[in-house]
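Engineer: I would like the atomic coordinates for the input below:
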Amino acid sequence: MDLNFNKNEDHNKLLWSAVEQKLAKIKLGGGKKQLQKLRDQGKMTARERIHALIDPKRECIEIGGFAAHEMYDEYNGAPAAGVVVVLGYVQGRLCVIVANDASVKAGAWFPMAGKKNLRAQEIAMENRLPIIYLVDSAGVFLPMQDEIFPDKEHFGRIFRNNAKMSSMGITQIAAVMGSCVAGGAYLPIMSDESLIVDKTGSIFLAGSYLVKAAIGEDIDNETLGGATTHSEISGVTDYKMPDDSAALKKIRSLIDKLGKAEDAGFNRKASLPPKDNGEKLFGLLPAARNTPYDTYPIIEQLVDNGDYDEYKKGYGKTIITAYARIDGWAVGIVANQRKVMKSKKGEMQLGGVIYGDAADKATRFIANCNQKKIPLVFLQDVTGFMVGSQAEHAGIIKDGAKMVNAMANSVVPKFTVILGNSYGAGNYAMCGKAFDPRLIVAWPSAEMAVMGGAQAAKVLMQIESSALKKKGVEISEKEQAALFDQIKGRYDEQTKPEYGAARLWTDAIINPLDTRKWISMGIEAANNAPITERFNMGVLQV
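Structural biologist: Residues are numbered from 1 along each chain as shown. Model prediction:
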């Protein structure tokens, strides 16, 4: 093992350790005191409810753990956006689970909470997975109501999705385990079946205080919308449960009786461990994002037995295309090659840059994977497409457009892993969030932006300097350097993986050693949704 490997390994493990520490704090929700307050009320916490619901000793993955990270500091924050979303097994069935965290502002819905719930529903709809709602929410966070209430992708979209999923035959089960008020009251009742916990669960369009103010009626919340009212008088709920534990057991029993899911028919064989059990991943990725490296060893640490069948190996070398298996599942890998190399014409090509021949190769490979019904895995470390007169005259825009067209119209499920850089049009071509990957995750080393921090800072500094000069303000070289550092620091903050994950540009920041698990569970989820469309790239400039 060389010294660079050890340095890289130390650097990348420290990055992951920092992410783990932040996640540990996020998982405390509103804090230990607030969590204990819920227990004193006879409730489980959101994460305790999920833990009791899912199958023991089975893998699960959390979606959007970093959602809203450092976004609502003026309101003392909203860890995980006040809602926990997990993809896990219930009675052997893969399900999406959404649990309001009442320790965070009584489970109130922040704008990112709405976006996160919509992402959970999107995953359930794309993969035709059962979805379980564990409801305990005070409703919309009123100070920010204008950012969550009226727009297309706001709170109301959740109920639209309830209706759409019902028509699609996707099972929805809701357990009201705390407050469920105002518009939020429709979510459990638009689900297929609903449970309510006695004494702690309540459902009403308006609470007792608002009822008094609106129509002058004196009534307590329990009589207005408690478990007995809705299980024995209104008929709104289907099951009255004595406590959280009993409600979760009932959900497990209901899921246990679901009919067999359809099968998309993706190819799977017995799983084999990757080369070196994947343990070298931390040392293979350079600490500096602008350092070239060979992507092939990383692929070997991710695929079964380190084996793959490379497609068009000698052509378009800045993208690697290969058939392989991950945890037994057949996959088509599209990966940026970060190594500097010679083209077929003997010219030097920059690593991480997409050239015309590479885009052409990727287009053909994506089409082949659709023809063969093989899920696609994109491994991103890309600075963008090649620029300059030679590239433009050779038709780089046309070649790039073909690649984007093929990727966007792909009907097989796509999964994206951001290893390092994810810049500009490269993010798009390599299946960024805008192009509907079933799951998209980032390693702690990931950076997402229109361009790198140094390049962006130079452009922004030139603009700012020009504006100052127009006002008659001359700045010295020292002031220019200080301005550059200030702009770059601000820009670099926005490229960090935590920044993107907070806004759900990615589903999670993951330990690189968990990459196989995320892809495998993602394909297993996708295998519940048979492909009903044909791959068609539409009109192309050839």
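Engineer: Averaged pLDDT, stretch 178-191. What do you get?
Structural biologist: Summarised as a single mean, pLDDT over stretch 178-191 is 84.
Engineer: contacting residues around the closest residue to Asp307 other than its chain neighbours?
Structural biologist: In this structure, Asp307 finds its nearest non-sequential neighbour in Ala324, 6.7 Å apart by Cβ to Cβ, 6 or more residues apart in numbering. Placement of C-beta: from N, CA and C, glycine included. The contact partners of Ala324, by Cβ atoms under 8 Å, 6 or more residues apart in numbering, come to 299, 303-304, 307-309, 330-331, 333.
Engineer: repeat that with 6 Å
Structural biologist: Listed by Cβ atoms under 6 Å, 6 or more residues apart in numbering, the contact set of Ala324 reads 303, 308, 331, 333.
Engineer: which helices and strands sit right next to whichever strand or helix holds Lys250?
Structural biologist: Lys250 is part of helix 244-256 when elements are defined by DSSP states H and E. Here helix 244-256 is seen to pack against strand 172-181, strand 193-197 when contacts are counted using 3 or more Cβ pairs under 6 Å, 6 or more residues apart in numbering; DSSP states H and E.
Engineer: sorry, back to before: just the contacts of Ala324: which are in strands?
Structural biologist: Residues of the contacts of Ala324 located in strands (DSSP state E): 308, 331, 333.
Engineer: Looking at the residues you listed, state which has the most neighbours.
Structural biologist: Of all the ones in strands among the contacts of Ala324, the highest neighbour tally under other Cβ atoms under 10 Å goes to Val331, namely 28 neighbours.
Engineer: For that residue, give its distance to Gly31.
Structural biologist: Per Cβ to Cβ, to the nearest Å, Val331 is found 42 Å from Gly31.
Engineer: Contact partners for Glu392?
Structural biologist: No contacts exist for Glu392 under Cβ under 6 Å, 6+ apart.
Engineer: in whichever strand or helix holds it, what's buried?
Structural biologist: Glu392 is part of helix 389-393 when elements are defined by DSSP H and E. For helix 389-393, burial by neighbour count (16 or more other Cβ atoms under 10 Å) applies to Ala391.
Engineer: Toward the C-terminus, what is the element adjacent to that helix?
Structural biologist: Counting by DSSP H and E, what follows helix 389-393 is helix 396-408.
Engineer: next one: that following helix to chain centre, how far?
Structural biologist: 24 Å (Cα atoms, centre = their mean, to the nearest Å).
Engineer: repeat for stretch 420-436
Structural biologist: With Cα atoms, centre = their mean as the basis, the mean position of stretch 420-436 lies at 14 Å from the chain mean.
Engineer: where exactly do the helices run in the stretch 151-300 of the chain?
Structural biologist: All helices of the stretch 151-300 of the chain, identified by DSSP state H, counting those that start in this stretch, fall at 156-168, 186-189, 208-215, 221-225, 227-228, 244-256, 281-284, 296-300.
Engineer: who touches the fifth one?
Structural biologist: With Cβ under 6 Å, 6+ apart as the test, helix 227-228 has contacts from 196, 198, 201, 240.
Engineer: Over to the fourth one?
Structural biologist: By Cβ under 6 Å, 6+ apart, the list of residues contacting helix 221-225 from outside reads 202-204, 207-208.
Engineer: Can you read off the pLDDT for Gln337?
Structural biologist: You'll see Gln337 listed with a pLDDT of 96.
Engineer: oh, I was asking about Phe535
Structural biologist: 94.
Engineer: What is the neighbour count of the nearest residue to Val404 once chain neighbours are set aside?
Structural biologist: Distance criterion Cβ to Cβ, 6+ apart; nearest residue to Val404, sequence neighbours excluded, is Ala429 at 5.3 Å. The number of residues packed near Ala429 is 29, by other Cβ under 10 Å.
Engineer: any idea how far Ala429 is from Asp381?
Structural biologist: Using Cβ to Cβ, which is the criterion applied here, Ala429 is 13 Å from Asp381.
Engineer: which intervals of the stretch 51-200 of the chain have sub-threshold pLDDT?
Structural biologist: For the stretch 51-200 of the chain, applying pLDDT under 70 flags the ranges 183.
Engineer: now the strands for it?
Structural biologist: With strands called from DSSP state E, counting those that start in this stretch, the stretch 51-200 of the chain shows them at 61-63, 83-90, 93-100, 131-137, 172-181, 193-197.
Engineer: repeat for the stretch 401-542 of the chain
Structural biologist: For the stretch 401-542 of the chain, the strands defined by DSSP E, counting those that start in this stretch occupy 414-423, 439-442, 447-449, 508-509.
Engineer: how distant is the first one from the center of its chain?
Structural biologist: Averaged C-alpha coordinates place strand 414-423 at 12 Å from its chain's average position (Cα atoms, centre = their mean).
Engineer: May I have the strands that pair with that strand, each with its orientation?
Structural biologist: Strand pairing for strand 414-423, determined by DSSP bridges: strand 376-382 (parallel), strand 439-442 (parallel), strand 447-449 (parallel).
Engineer: now the ones you listed as CSV including mean pLDDT and distance to Ile251?
Structural biologist: CSV is the format used below for the strands paired with strand 414-423 (pLDDT from 0 to 100; distance: least, Cβ to Cβ, whole Å):
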stretch, mean pLDDT, distance to Ile251
strand 376-382, 97, 33
strand 439-442, 98, 24
strand 447-449, 91, 37
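Engineer: Rebuild the ones you listed as a markdown table, extending it with mean neighbour count and distance to Lys116.
Structural biologist: Shown next, in a markdown table, are the strands paired with strand 414-423 (neighbours: other Cβ atoms under 10 Å; distance: least, Cβ to Cβ, whole Å):
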| stretch | mean neighbour count | distance to Lys116 |
| --- | --- | --- |
| strand 376-382 | 27 | 23 |
| strand 439-442 | 26 | 14 |
| strand 447-449 | 21 | 18 |
